[in-house]
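Engineer: quick one, structure for this:
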Amino acid sequence: MPGGSIERMNFETVSVVGLGYIGLPTAAILATHGLQVIGYDVNASVVDTINRGKIHIVEPELDAVVSGVVSAGRLRATHTPERADAYIIAVPTPFRDEHVPDISYVEQAAQAIAPLLEKNALVILESTSPVGTTQQLCKWLAEARPELRFPHQAEDADVHVVYCPERVLPGHVLHELVYNDRIIGGMTPKCSEMAVTLYTRFLRGQCLVTDPRTAEMAKLTENAFRDVNIAFANELSFICDQLDINVWELIELSNRHPRVKILQPGPGVGGHCIAVDPWFIVHSAPKQSQMIRLAREINDRKPHHVVCRVKERARRFSQPVIACLGLSYKPDIDDLRESPAVEIVELLSGERIGSIVVVEPHVHELPARLRDLPDLEMADLHTALERADIVVLLVNHRQFKNVDRRLLMEKVVIDTRGLWR
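Structural biologist: A predicted model of the protein is given here:
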(Lines give C-alpha, C1' and ligand atoms only; values in the text may rest on other atoms or scores of the structure.)
Protein backbone atom coordinates (compact mmCIF):
# COMPACT_ATOMS: atom_id res chain seq x y z
CA MET A 1 0.00 0.00 0.00
CA PRO A 2 1.20 3.58 -0.65
CA GLY A 3 2.48 5.95 1.99
CA GLY A 4 4.93 3.78 3.95
CA SER A 5 4.35 1.81 7.14
CA ILE A 6 0.84 0.64 7.99
CA GLU A 7 1.51 -1.05 11.32
CA ARG A 8 -1.61 0.45 12.86
CA MET A 9 -4.04 -0.53 10.10
CA ASN A 10 -5.37 -3.15 12.52
CA PHE A 11 -7.25 -0.85 14.86
CA GLU A 12 -7.92 -2.13 18.35
CA THR A 13 -8.93 0.98 20.30
CA VAL A 14 -10.95 3.97 19.17
CA SER A 15 -11.62 7.16 21.10
CA VAL A 16 -14.87 8.94 20.26
CA VAL A 17 -14.72 12.60 21.26
CA GLY A 18 -18.21 13.88 22.00
CA LEU A 19 -20.97 11.49 23.10
CA GLY A 20 -24.06 13.20 21.75
CA TYR A 21 -26.57 12.29 19.06
CA ILE A 22 -23.83 11.11 16.68
CA GLY A 23 -20.89 10.25 18.93
CA LEU A 24 -22.69 7.84 21.24
CA PRO A 25 -24.35 5.73 18.49
CA THR A 26 -21.03 5.67 16.62
CA ALA A 27 -19.19 4.51 19.73
CA ALA A 28 -21.82 1.83 20.33
CA ILE A 29 -21.65 0.52 16.75
CA LEU A 30 -17.85 0.37 16.84
CA ALA A 31 -17.98 -1.53 20.13
CA THR A 32 -20.45 -4.08 18.76
CA HIS A 33 -17.97 -4.86 16.00
CA GLY A 34 -15.16 -5.92 18.28
CA LEU A 35 -13.33 -2.64 18.87
CA GLN A 36 -12.41 -1.34 22.30
CA VAL A 37 -14.08 2.07 22.48
CA ILE A 38 -13.31 4.94 24.86
CA GLY A 39 -15.93 7.66 24.80
CA TYR A 40 -14.70 11.09 25.90
CA ASP A 41 -17.10 13.87 26.88
CA VAL A 42 -16.72 16.98 29.02
CA ASN A 43 -20.17 16.48 30.57
CA ALA A 44 -19.73 14.43 33.75
CA SER A 45 -23.42 13.51 33.85
CA VAL A 46 -23.22 12.05 30.33
CA VAL A 47 -20.13 10.04 31.27
CA ASP A 48 -21.74 8.66 34.43
CA THR A 49 -24.96 7.77 32.60
CA ILE A 50 -23.16 5.81 29.89
CA ASN A 51 -20.94 3.98 32.36
CA ARG A 52 -24.13 2.74 34.06
CA GLY A 53 -25.19 1.28 30.72
CA LYS A 54 -27.83 3.96 30.22
CA ILE A 55 -28.30 6.67 27.57
CA HIS A 56 -29.08 10.37 27.82
CA ILE A 57 -30.73 10.79 24.41
CA VAL A 58 -33.75 9.25 22.70
CA GLU A 59 -32.85 6.95 19.81
CA PRO A 60 -34.64 3.66 19.06
CA GLU A 61 -32.71 0.52 20.16
CA LEU A 62 -29.67 2.53 21.27
CA ASP A 63 -30.36 1.85 24.96
CA ALA A 64 -30.11 -1.91 24.47
CA VAL A 65 -26.93 -1.65 22.37
CA VAL A 66 -25.19 0.64 24.86
CA SER A 67 -26.21 -1.54 27.78
CA GLY A 68 -24.80 -4.59 26.03
CA VAL A 69 -21.41 -3.15 25.04
CA VAL A 70 -20.90 -1.46 28.42
CA SER A 71 -21.70 -4.73 30.23
CA ALA A 72 -19.27 -6.56 27.93
CA GLY A 73 -16.52 -4.07 28.74
CA ARG A 74 -16.14 -2.89 25.13
CA LEU A 75 -17.38 0.67 25.74
CA ARG A 76 -16.61 2.97 28.60
CA ALA A 77 -16.90 6.72 28.97
CA THR A 78 -14.47 9.17 30.53
CA HIS A 79 -14.11 12.90 31.06
CA THR A 80 -10.34 12.60 30.63
CA PRO A 81 -9.10 11.84 27.10
CA GLU A 82 -7.13 8.61 26.69
CA ARG A 83 -4.71 7.25 24.11
CA ALA A 84 -6.15 5.21 21.21
CA ASP A 85 -5.28 3.98 17.71
CA ALA A 86 -7.94 6.21 16.15
CA TYR A 87 -9.83 9.30 17.29
CA ILE A 88 -13.27 10.24 15.97
CA ILE A 89 -14.32 13.83 16.67
CA ALA A 90 -18.11 14.27 16.84
CA VAL A 91 -18.58 17.61 18.60
CA PRO A 92 -21.10 20.41 17.91
CA THR A 93 -20.41 23.04 15.24
CA PRO A 94 -23.01 25.79 15.78
CA PHE A 95 -22.86 29.34 14.49
CA ARG A 96 -22.37 32.67 16.24
CA ASP A 97 -24.22 35.93 15.60
CA GLU A 98 -24.67 36.83 11.94
CA HIS A 99 -24.48 33.10 11.13
CA VAL A 100 -20.70 32.95 11.48
CA PRO A 101 -19.59 29.30 11.89
CA ASP A 102 -18.25 28.38 15.33
CA ILE A 103 -15.63 25.61 15.18
CA SER A 104 -14.28 26.26 18.67
CA TYR A 105 -15.46 22.82 19.86
CA VAL A 106 -13.35 21.21 17.13
CA GLU A 107 -10.37 23.24 18.31
CA GLN A 108 -10.98 22.14 21.91
CA ALA A 109 -11.15 18.51 20.76
CA ALA A 110 -7.85 18.95 18.92
CA GLN A 111 -6.23 20.35 22.05
CA ALA A 112 -7.59 17.45 24.11
CA ILE A 113 -6.24 14.65 21.91
CA ALA A 114 -3.02 16.27 20.65
CA PRO A 115 -0.87 15.24 23.67
CA LEU A 116 -1.95 11.61 23.17
CA LEU A 117 -1.08 11.22 19.49
CA GLU A 118 1.49 8.64 18.48
CA LYS A 119 2.94 7.76 15.09
CA ASN A 120 0.39 6.20 12.71
CA ALA A 121 -2.56 7.50 14.74
CA LEU A 122 -5.71 8.27 12.74
CA VAL A 123 -7.83 11.36 13.46
CA ILE A 124 -11.28 11.56 11.87
CA LEU A 125 -13.49 14.64 11.99
CA GLU A 126 -17.18 13.74 11.63
CA SER A 127 -18.70 17.05 12.78
CA THR A 128 -20.46 19.02 10.05
CA SER A 129 -17.91 21.71 9.25
CA PRO A 130 -17.24 24.71 7.00
CA VAL A 131 -14.94 24.07 4.06
CA GLY A 132 -11.33 24.16 5.25
CA THR A 133 -11.96 22.93 8.80
CA THR A 134 -10.09 19.64 8.34
CA GLN A 135 -6.99 21.47 7.19
CA GLN A 136 -7.34 23.82 10.16
CA LEU A 137 -7.61 20.78 12.44
CA CYS A 138 -4.28 19.56 11.04
CA LYS A 139 -2.69 22.92 11.81
CA TRP A 140 -3.97 22.94 15.40
CA LEU A 141 -2.62 19.44 15.95
CA ALA A 142 0.73 20.34 14.38
CA GLU A 143 1.07 23.42 16.57
CA ALA A 144 0.55 21.27 19.65
CA ARG A 145 2.88 18.48 18.47
CA PRO A 146 5.68 20.05 16.38
CA GLU A 147 7.81 16.89 16.65
CA LEU A 148 5.25 14.95 14.56
CA ARG A 149 4.60 15.33 10.83
CA PHE A 150 1.00 15.98 9.72
CA PRO A 151 -0.49 15.46 6.26
CA HIS A 152 -0.64 19.17 5.37
CA GLN A 153 3.15 19.16 5.86
CA ALA A 154 4.23 15.87 4.29
CA GLU A 155 2.75 13.04 2.22
CA ASP A 156 4.36 10.46 4.52
CA ALA A 157 2.88 12.00 7.68
CA ASP A 158 3.16 10.50 11.15
CA VAL A 159 -0.49 11.28 11.99
CA HIS A 160 -3.28 10.75 9.47
CA VAL A 161 -6.27 13.10 9.26
CA VAL A 162 -9.61 12.54 7.50
CA TYR A 163 -12.98 14.24 7.16
CA CYS A 164 -15.90 11.79 7.16
CA PRO A 165 -19.29 13.46 7.76
CA GLU A 166 -22.15 11.61 9.39
CA ARG A 167 -25.21 11.19 7.13
CA VAL A 168 -27.85 9.76 9.44
CA LEU A 169 -31.47 10.49 10.25
CA PRO A 170 -32.47 10.74 13.92
CA GLY A 171 -34.77 7.87 14.75
CA HIS A 172 -32.89 5.62 12.31
CA VAL A 173 -29.30 6.27 13.37
CA LEU A 174 -28.19 2.72 14.18
CA HIS A 175 -29.40 1.38 10.85
CA GLU A 176 -28.06 4.25 8.77
CA LEU A 177 -24.65 4.24 10.43
CA VAL A 178 -24.19 0.76 9.02
CA TYR A 179 -25.99 0.93 5.66
CA ASN A 180 -25.49 4.49 4.39
CA ASP A 181 -22.56 5.24 2.09
CA ARG A 182 -19.76 7.27 3.71
CA ILE A 183 -17.71 10.04 2.13
CA ILE A 184 -14.03 9.69 3.06
CA GLY A 185 -12.05 12.90 2.63
CA GLY A 186 -8.47 12.05 3.47
CA MET A 187 -5.73 14.65 3.53
CA THR A 188 -3.59 12.09 1.64
CA PRO A 189 -4.37 8.76 -0.08
CA LYS A 190 -2.94 6.90 2.91
CA CYS A 191 -5.20 8.88 5.27
CA SER A 192 -8.22 7.80 3.22
CA GLU A 193 -7.00 4.20 3.08
CA MET A 194 -6.69 4.00 6.84
CA ALA A 195 -10.16 5.49 7.35
CA VAL A 196 -11.67 3.02 4.90
CA THR A 197 -10.07 0.19 6.87
CA LEU A 198 -11.69 1.44 10.08
CA TYR A 199 -15.15 2.12 8.67
CA THR A 200 -15.37 -1.17 6.82
CA ARG A 201 -15.18 -2.91 10.19
CA PHE A 202 -18.91 -2.16 10.44
CA LEU A 203 -20.05 -0.43 7.24
CA ARG A 204 -22.29 -2.21 4.72
CA GLY A 205 -22.54 0.86 2.48
CA GLN A 206 -19.76 2.09 0.20
CA CYS A 207 -16.79 4.26 1.13
CA LEU A 208 -16.57 7.10 -1.41
CA VAL A 209 -13.06 8.58 -1.36
CA THR A 210 -12.37 12.23 -2.16
CA ASP A 211 -10.41 15.16 -0.73
CA PRO A 212 -11.40 16.89 2.56
CA ARG A 213 -12.71 20.14 1.02
CA THR A 214 -15.01 18.26 -1.33
CA ALA A 215 -16.17 16.01 1.51
CA GLU A 216 -16.90 19.04 3.70
CA MET A 217 -18.82 20.72 0.88
CA ALA A 218 -20.72 17.51 0.07
CA LYS A 219 -22.19 17.35 3.56
CA LEU A 220 -23.22 21.00 3.40
CA THR A 221 -24.63 20.54 -0.11
CA GLU A 222 -26.83 17.62 0.92
CA ASN A 223 -28.52 19.68 3.60
CA ALA A 224 -28.68 22.88 1.55
CA PHE A 225 -30.46 20.93 -1.20
CA ARG A 226 -33.07 19.75 1.27
CA ASP A 227 -33.42 23.24 2.72
CA VAL A 228 -34.07 24.77 -0.70
CA ASN A 229 -36.77 22.20 -1.45
CA ILE A 230 -38.44 22.74 1.92
CA ALA A 231 -38.35 26.49 1.29
CA PHE A 232 -40.34 25.98 -1.91
CA ALA A 233 -43.03 24.11 0.03
CA ASN A 234 -43.06 26.72 2.79
CA GLU A 235 -43.34 29.55 0.27
CA LEU A 236 -46.29 27.75 -1.29
CA SER A 237 -47.93 27.73 2.15
CA PHE A 238 -47.49 31.53 2.37
CA ILE A 239 -49.11 31.93 -1.05
CA CYS A 240 -51.95 29.52 -0.30
CA ASP A 241 -52.79 31.26 2.97
CA GLN A 242 -53.02 34.53 1.02
CA LEU A 243 -55.18 33.02 -1.74
CA ASP A 244 -57.37 30.85 0.53
CA ILE A 245 -56.17 27.56 -0.97
CA ASN A 246 -55.53 24.32 0.95
CA VAL A 247 -51.79 23.85 0.51
CA TRP A 248 -51.92 20.16 1.40
CA GLU A 249 -54.47 19.42 -1.32
CA LEU A 250 -52.51 21.56 -3.79
CA ILE A 251 -49.28 19.66 -3.17
CA GLU A 252 -51.04 16.30 -3.31
CA LEU A 253 -52.54 17.16 -6.70
CA SER A 254 -49.31 18.61 -8.07
CA ASN A 255 -47.36 15.54 -6.99
CA ARG A 256 -49.55 13.38 -9.25
CA HIS A 257 -47.40 14.71 -12.09
CA PRO A 258 -44.83 11.97 -12.84
CA ARG A 259 -41.86 14.36 -12.55
CA VAL A 260 -42.97 16.50 -9.61
CA LYS A 261 -42.26 15.67 -5.96
CA ILE A 262 -42.92 18.67 -3.74
CA LEU A 263 -42.09 18.26 -0.06
CA GLN A 264 -44.49 19.09 2.76
CA PRO A 265 -44.48 22.52 4.42
CA GLY A 266 -44.12 22.88 8.16
CA PRO A 267 -43.64 25.46 10.92
CA GLY A 268 -40.01 26.03 9.89
CA VAL A 269 -36.84 23.99 9.70
CA GLY A 270 -34.96 22.69 12.72
CA GLY A 271 -32.20 20.40 13.80
CA HIS A 272 -28.48 20.96 13.83
CA CYS A 273 -28.06 20.09 10.14
CA ILE A 274 -30.57 21.63 7.75
CA ALA A 275 -31.17 24.76 9.82
CA VAL A 276 -27.43 25.41 10.20
CA ASP A 277 -25.35 23.91 7.39
CA PRO A 278 -26.54 26.16 4.52
CA TRP A 279 -25.25 29.18 6.44
CA PHE A 280 -21.76 27.63 6.34
CA ILE A 281 -21.93 27.76 2.53
CA VAL A 282 -23.27 31.32 2.56
CA HIS A 283 -20.48 32.42 4.89
CA SER A 284 -17.83 30.83 2.66
CA ALA A 285 -19.16 32.21 -0.65
CA PRO A 286 -21.74 34.95 0.06
CA LYS A 287 -21.95 36.39 -3.46
CA GLN A 288 -22.36 33.01 -5.10
CA SER A 289 -24.98 31.49 -2.76
CA GLN A 290 -27.97 33.76 -3.26
CA MET A 291 -30.60 31.02 -3.66
CA ILE A 292 -29.27 29.13 -0.63
CA ARG A 293 -29.44 32.32 1.47
CA LEU A 294 -32.98 33.07 0.27
CA ALA A 295 -34.15 29.56 1.11
CA ARG A 296 -32.73 29.91 4.62
CA GLU A 297 -34.49 33.25 5.05
CA ILE A 298 -37.82 31.81 3.86
CA ASN A 299 -37.59 28.90 6.27
CA ASP A 300 -36.47 31.15 9.12
CA ARG A 301 -39.51 33.35 8.46
CA LYS A 302 -42.02 30.51 8.77
CA PRO A 303 -42.27 30.52 12.62
CA HIS A 304 -43.24 34.21 12.51
CA HIS A 305 -45.90 33.39 9.92
CA VAL A 306 -47.36 30.73 12.22
CA VAL A 307 -47.46 33.19 15.13
CA CYS A 308 -49.29 35.73 12.96
CA ARG A 309 -51.90 33.08 12.10
CA VAL A 310 -52.41 32.31 15.80
CA LYS A 311 -52.76 36.02 16.63
CA GLU A 312 -55.40 36.45 13.93
CA ARG A 313 -57.44 33.53 15.19
CA ALA A 314 -57.04 34.60 18.83
CA ARG A 315 -58.84 37.92 18.33
CA ARG A 316 -62.22 36.31 19.01
CA PHE A 317 -61.12 35.45 22.58
CA SER A 318 -60.29 37.73 25.50
CA GLN A 319 -57.62 35.48 27.10
CA PRO A 320 -57.43 32.23 25.15
CA VAL A 321 -55.66 29.07 26.25
CA ILE A 322 -53.31 28.04 23.45
CA ALA A 323 -52.21 24.41 23.33
CA CYS A 324 -48.92 24.00 21.46
CA LEU A 325 -48.38 20.37 20.52
CA GLY A 326 -44.72 19.43 20.17
CA LEU A 327 -41.35 21.03 20.82
CA SER A 328 -38.84 18.77 19.04
CA TYR A 329 -37.67 19.66 15.55
CA LYS A 330 -39.05 16.44 14.02
CA PRO A 331 -41.45 13.67 15.07
CA ASP A 332 -40.86 11.04 17.72
CA ILE A 333 -37.49 12.25 19.04
CA ASP A 334 -36.39 14.45 21.95
CA ASP A 335 -34.02 16.69 19.96
CA LEU A 336 -34.86 20.38 20.41
CA ARG A 337 -31.86 21.83 18.56
CA GLU A 338 -32.87 24.79 16.36
CA SER A 339 -36.49 23.67 16.70
CA PRO A 340 -39.02 26.02 15.08
CA ALA A 341 -41.61 24.75 17.54
CA VAL A 342 -39.58 26.10 20.46
CA GLU A 343 -39.19 29.43 18.67
CA ILE A 344 -42.93 29.63 18.00
CA VAL A 345 -43.79 28.99 21.66
CA GLU A 346 -41.29 31.64 22.71
CA LEU A 347 -42.70 34.17 20.22
CA LEU A 348 -46.28 33.45 21.28
CA SER A 349 -45.37 34.01 24.91
CA GLY A 350 -43.88 37.36 23.99
CA GLU A 351 -47.12 38.42 22.28
CA ARG A 352 -49.06 38.04 25.59
CA ILE A 353 -52.27 37.03 23.82
CA GLY A 354 -53.20 34.27 26.26
CA SER A 355 -51.84 31.43 28.35
CA ILE A 356 -49.86 28.63 26.70
CA VAL A 357 -49.93 24.92 27.48
CA VAL A 358 -47.13 22.88 25.89
CA VAL A 359 -47.32 19.15 25.18
CA GLU A 360 -44.10 17.28 24.38
CA PRO A 361 -44.20 13.55 25.11
CA HIS A 362 -40.45 13.07 24.58
CA VAL A 363 -39.12 15.54 27.17
CA HIS A 364 -39.89 15.80 30.86
CA GLU A 365 -39.42 19.52 31.41
CA LEU A 366 -39.40 22.75 29.48
CA PRO A 367 -36.06 23.72 27.94
CA ALA A 368 -34.18 26.57 29.62
CA ARG A 369 -35.20 28.92 26.82
CA LEU A 370 -38.88 28.57 27.80
CA ARG A 371 -38.69 27.72 31.49
CA ASP A 372 -39.14 31.19 32.97
CA LEU A 373 -41.60 32.62 30.46
CA PRO A 374 -44.91 33.86 31.95
CA ASP A 375 -48.24 32.04 31.53
CA LEU A 376 -46.57 28.96 30.09
CA GLU A 377 -46.68 25.40 31.42
CA MET A 378 -46.38 21.78 30.33
CA ALA A 379 -49.26 19.30 30.44
CA ASP A 380 -50.27 15.94 29.03
CA LEU A 381 -52.13 15.82 25.74
CA HIS A 382 -55.62 15.14 27.14
CA THR A 383 -55.40 17.95 29.71
CA ALA A 384 -54.08 20.44 27.17
CA LEU A 385 -56.83 19.68 24.66
CA GLU A 386 -59.56 19.89 27.30
CA ARG A 387 -58.36 23.34 28.39
CA ALA A 388 -57.48 24.79 25.00
CA ASP A 389 -59.38 27.34 22.96
CA ILE A 390 -56.74 27.20 20.21
CA VAL A 391 -54.77 24.07 19.28
CA VAL A 392 -51.53 24.57 17.36
CA LEU A 393 -50.00 21.34 16.02
CA LEU A 394 -46.28 21.96 15.64
CA VAL A 395 -44.78 18.44 15.49
CA ASN A 396 -46.34 15.38 13.87
CA HIS A 397 -45.64 12.93 16.69
CA ARG A 398 -47.40 9.57 16.38
CA GLN A 399 -49.23 10.29 19.63
CA PHE A 400 -50.82 13.39 18.09
CA LYS A 401 -51.89 11.65 14.88
CA ASN A 402 -54.23 9.33 16.75
CA VAL A 403 -55.84 12.01 18.92
CA ASP A 404 -59.56 11.70 19.59
CA ARG A 405 -60.96 14.18 17.07
CA ARG A 406 -63.93 14.87 19.34
CA LEU A 407 -61.51 16.75 21.61
CA LEU A 408 -60.87 19.18 18.73
CA MET A 409 -64.51 20.03 18.13
CA GLU A 410 -65.45 23.69 18.64
CA LYS A 411 -61.78 24.64 18.96
CA VAL A 412 -59.65 26.71 16.64
CA VAL A 413 -57.14 24.30 15.09
CA ILE A 414 -53.95 25.41 13.32
CA ASP A 415 -52.25 22.34 11.89
CA THR A 416 -48.80 23.33 10.63
CA ARG A 417 -47.95 19.77 9.56
CA GLY A 418 -51.10 18.70 7.73
CA LEU A 419 -51.46 15.77 10.13
CA TRP A 420 -55.19 16.12 10.67
CA ARG A 421 -56.25 17.18 7.16
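
Engineer: for the closest residue to L122 other than its chain neighbours, what are phi and psi?
Structural biologist: Among residues not flanking L122 along the chain, A86 sits closest, at 4.2 Å (Cβ to Cβ, 6 or more residues apart in numbering). All C-beta atoms are positioned from the backbone trio N, CA, C, and that covers glycine. Dihedral angles of A86 (phi, psi; degrees, to the nearest 10) stand at phi -140, psi 150.

Engineer: from memory S254 sits against V260, does it?
Structural biologist: Yes - S254 is within contact range of V260, at 5.5 Å (criterion: Cβ atoms under 8 Å).

Engineer: give me every residue that touches the residue nearest to L122.
Structural biologist: F11, T13, V14, S15, A121, L122, V123, I124, L198 (Cβ atoms under 8 Å, 6 or more residues apart in numbering).

Engineer: specify the beta-bridge partners of it.
Structural biologist: For A86, the beta-bridge partners are V14, L122 (DSSP bridges).

Engineer: helices along the stretch 151-300 of the chain, start to end?
Structural biologist: Ranges of helices within the stretch 151-300 of the chain are 173-179, 189-199, 212-243, 247-254, 277-284, 290-314, based on DSSP state H, counting those that start in this stretch.

Engineer: which PyMOL command selects the buried ones in the contacts of A86?
Structural biologist: With 16 or more other Cβ atoms under 10 Å as the criterion, this PyMOL line picks the buried residues out of those:
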select buried, resi 11+14+15+121+122+123+124+198
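
Engineer: which one of the contacts of A86 is nearest S67?
Structural biologist: S67 has its nearest neighbour among those in V14, at 19.4 Å by Cβ to Cβ.

Engineer: gap between that closest one and R83?
Structural biologist: Distance of V14 to R83, computed by Cβ to Cβ, to the nearest Å: 11 Å.

Engineer: now do the buried residues in stretch 236-243.
Structural biologist: The neighbour-count check on stretch 236-243 (16+ other Cβ under 10 Å) flags L236, S237, C240 as buried.

Engineer: with stretch 176-190 instead?
Structural biologist: Neighbour count says stretch 176-190 has E176, L177, N180, R182, I183, I184, G185, G186, M187, T188, K190 buried, by 16+ other Cβ under 10 Å.

Engineer: may I see those arranged in TSV, with distance to P303 as well?
Structural biologist: Below are these laid out as TSV (distance: Cβ to Cβ, whole Å):
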residue	distance to P303
E176	28
L177	31
N180	30
R182	34
I183	32
I184	37
G185	34
G186	40
M187	40
T188	45
K190	47
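
Engineer: would you format those as CSV with pLDDT and distance to T221 included?
Structural biologist: Listed next are the buried residues of stretch 176-190 as CSV, based on pLDDT from 0 to 100; distance: Cβ to Cβ, whole Å:
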residue, pLDDT, distance to T221
E176, 97, 18
L177, 97, 21
N180, 97, 16
R182, 97, 16
I183, 98, 11
I184, 98, 16
G185, 98, 13
G186, 98, 19
M187, 98, 20
T188, 97, 23
K190, 96, 26
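
Engineer: among the residues you listed, name the ones in strands.
Structural biologist: R182, I183, I184, G185, G186 (DSSP state E).
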